[in-house]
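*Asks:* Let's see this in three dimensions:
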Amino acid sequence: LLRISKEDLLLALHRYPEEHLPLEERAQEAQLERNEATEDRYRWVQRYALPALAQSDLLAGCPPAFLSAIGGHSTEAAYEPGAPVVTAGTSTSKMMMIVLEGELRLLTKNGAAVGTLGP
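*Replies:* Below you'll find the model as predicted:
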């Protein structure tokens, strides 16, 4: 983490006024990119996360606003086929996972198959 105080930035801009306009343009471009990322995230939540939450056994029947409150803070992850997602015996008590596509094989610590999870 690099911290730059507002005072130091203003002092540098005062000493190098030719940098003000290029810096402002870069800041505007960065803001547009953040806005686009936020819009992409919103569309992803609407298209994938909310339907998955609404179809889960635990959350089926919950109001859309409640599901949006959960889905808006969810994170997505992709795994290669056969890659471990959670190891048997590892605590997952602080999270809930919903399979959006594909299938997860459930294995014991010894590697014995005990079931599958899917959408």
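*Asks:* all helices for the chain, in order.
*Replies:* With DSSP state H as the criterion, the chain has helices at 6-15, 20-44, 50-55, 64-71.
*Asks:* how far is the third one from where the chain is centred?
*Replies:* Computed by CA atoms, centre = their mean, to the nearest Å, the separation of helix 50-55 from the middle of its chain amounts to 16 Å.
*Asks:* ok, residues contacting it?
*Replies:* With CB atoms under 8 Å, 6 or more residues apart in numbering as the test, helix 50-55 has contacts from 59-60, 62, 64, 67-68, 70-71, 98, 100, 119. Where you see a C-beta, it was placed from the backbone N, CA and C, and this is true even at glycine.
*Asks:* now stretch 23-43
*Replies:* residue 13.
*Asks:* Just list the residues touching the residue of the chain most remote from its centre, thanks.
*Replies:* In the chain, the greatest distance from the average C-alpha position (CA atoms, centre = their mean) is reached by residue 15, at 40.4 Å. Under the criterion of CB under 8 Å, 6+ apart, residue 15 has no neighbours.
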